[in-house]
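[1] 3D, please:
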Amino acid sequence: MDIKLQDSLAESLRWRCKESADDIAIKFLDRQQTYAQLDSNANRVAQGLLSFQIKPDSRVAYLAKNTDYFFEIFYGALKSKAVVVGVNWRLAAEEVAYVLEDSKSEILFVSPDFFEIIEEIETKLPFIKQIICLEGNNKNWMIYSKWKDENDDIDPQLASDEHDDVIQLYTSGTTGHPKGVQLTNKNFYAATDNTIGVIPFPSGSKAMVCMPVYHVAGTNFGIWGLLQGCNNLIIPEVDPGLILDLVEKEKIELTLWVPAVILFLLQHPNAEKTDFSSLKVVVYGASPIAEDTVVNAIKLMNCGFYQVYGLTETSGAITCLVSEDHDPKKNKLRSCGKALPGVEIKVIDDAGNEVDQGEVGEIITKSDLNMKGYWNNSEATEKSIQDGWFYSGDAGFLDEEGFLYIHDRVKDMIVSGGENIYPAEVENALMSNEEILDAAVVGVPDDKWGESTKAFVVLSEGSSLNAKDVISYTKSKIASYKCPKSVEFIEMLPRNPSGKVLRRELRAPYWEGRDRGVSG
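    This next block holds a predicted model:
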């Protein structure tokens, strides 16, 4: 049966684990566990965290690809009133160190893929009480399975209210530093209630979780699947061939993919040979998508497609383009849909006034989905949330039927394959090279990723750096996916009288002939 939402996410999961005790909750590789076993494992995790003297609202970090262990740790943290910090495993070592230090995470769960990164920065992490290996062993770090099994299977039964944080996910900031987004019980109650009421999520369905759990898309979809009593198949990361294989073999019914994944699947040689007959619902979002990609995917997979738009700061989706509105005859495929129940959306001008229908302005939203705030960053919180309205930084417009269209970005953020990239962060990395006098980056159209990062670089006199050198250097400083895919050397960057780089002038030639300033 559908979830009976309780006052806290922990209570809702307790209800589900009791209601669906003998049903399979999670399958990962050759491991699977029932809802009763998930509850038991979460109890042991909770007791283990409490044994480290973890206090309510303490942070515990997870640095690994998707595993069944993430959901044990997440649920166990809820039971102990700790807050899981999802760490983007694509980050460079210094970026990981920043997230761990900013969140003041006290416990770190890490997989072997990232032992080397943690070893590199371990001396910068004196606040971490314990490092726990999810698989294998390293140095004197604890081993997850052994640590978990040594703890009692007893639920601490700690009370949690609607304002308590339940997860902290990091999103890039315009200053170049990531910001920790605090999401609460209230946020997840609203996100679950609003979304499941619009997108079919039948209890007991087979769901695939393949988007990364450090991202709100992966976290939400996994949590919704558990709350609804689904049989959730977890895969470590996006692998188009594996996804196609498992959709057919495991009879997957529900999944969430970003547009880049849908495109990868369509282009895969096995796509036409895959049996999609079990698939009922595909949720997609996080970046723009080309109309022909959607049309071709619907034709191939013959199931319901639901596009969502939202941000980490809005607990994920605030709009949905439902399956019926994907009919090309309705001419809504460029839209990201209508506001979800309980969500208010306005489009405003620079003076804060609501604009007319069809007129482009900044998208702002008000609902119980809006984050509590940015962790330890009241200035950024106050700037983003005003009178209960979250200022998205995205530009768009509403049509006469209330459908929202994303047109451009008020901020300079680049969205590549569903990942947010802020120019300031990339530019800081570029400018740390003594041979680079000035630099600016913008998003340019990319058929595979939606957008890719292009750098405009001013070199010092006598420098012999080439594009390959610049890209390689940047990769030594920040995560590879953020780095420029192309470089153009110029004599001077265009700037306004106050010295601000005119990114729009740099972007414009690459977007000519397109009806909006984002790809798709």
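[2] From now on I want contacts and neighbour counts done on CA atoms only, so please keep to that.
    Fine.
[3] could you pull out the helices for the stretch 51-200 of the chain?
    For the stretch 51-200 of the chain, the helices defined by DSSP state H, counting those that start in this stretch cover 68-80, 93-103, 115-121, 144-149, 185-196.
[4] Would you reformat those as a markdown table and include distance to Leu50, mean neighbour count and mean pLDDT?
    As requested, the helices of the stretch 51-200 of the chain are exported to a markdown table (distance: least, Cα to Cα, whole Å; neighbours: other Cα atoms under 10 Å; pLDDT from 0 to 100):
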| stretch | distance to Leu50 | mean neighbour count | mean pLDDT |
| --- | --- | --- | --- |
| helix 68-80 | 7 | 26 | 98 |
| helix 93-103 | 19 | 19 | 96 |
| helix 115-121 | 23 | 15 | 96 |
| helix 144-149 | 12 | 16 | 98 |
| helix 185-196 | 20 | 21 | 94 |
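[5] Count the residues that sit near Arg59.
    Arg59 has 25 neighbouring residues, counting by other Cα atoms under 10 Å.
[6] In contact with it: list those residues for me.
    82-85, 103-107 (Cα atoms under 8 Å, 6 or more residues apart in numbering).
[7] Run through the bridge partners of it.
    Assessed by DSSP bridges, Arg59 has beta-bridge partners Val83.
[8] domains for this protein, by residue range?
    9-234, 414-511 (automatic domain parsing).
[9] what would those look like in a markdown table with distance to Ile243?
    Listed next are the domains of the chain as a markdown table, based on distance: least, Cα to Cα, whole Å:
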| stretch | distance to Ile243 |
| --- | --- |
| domain 9-234 | 8 |
| domain 414-511 | 17 |
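[10] Low-confidence ranges, this protein, go.
    1, 172-176, 288, 408-411, 496-500, 515-520 (pLDDT under 70).
[11] Centroid-nearest residue for it?
    Note on the chain: the residue nearest the mean C-alpha position is His215, at 2.3 Å, using Cα atoms, centre = their mean.
[12] Just want the phi and psi numbers for it.
    phi -110, psi 140 (degrees, to the nearest 10).
[13] Any idea what the residue nearest to it when sequence neighbours are not counted is bridged to?
    Using Cα to Cα, 6 or more residues apart in numbering and skipping the chain neighbours, the partner closest in space to His215 is Leu169 (7.0 Å). Counting by DSSP bridges, Leu169 forms beta bridges with Gly86, Val181.
[14] Am I right that Leu169 is in contact with Thr312?
    Yes. Here Leu169 reaches Thr312: they are 7.5 Å apart, a contact under Cα atoms under 8 Å.
[15] Common neighbours of these two, please.
    181, 215-216.
[16] Contact partners for Ala21?
    34-37.
[17] wait, which of the helices of the stretch 51-200 of the chain is closest to Thr453?
    Proximity to Thr453, assessed across the helices of the stretch 51-200 of the chain by Cα to Cα, is greatest for helix 93-103 (18.7 Å).
[18] re earlier: nearest to Pro328 among the contacts of Arg59?
    Val85 (40.6 Å).
[19] and that closest one, how many neighbours?
    29.
[20] can you check Asp153 too?
    Count around Asp153 with other Cα under 10 Å applied: 17.
[21] what's near enough to touch it?
    Residues 40-41, 43-44, 47 are the ones in contact with Asp153 under the rule Cα under 8 Å, 6+ apart.
[22] who wins for neighbours among those?
    Asn43 (28 neighbours).
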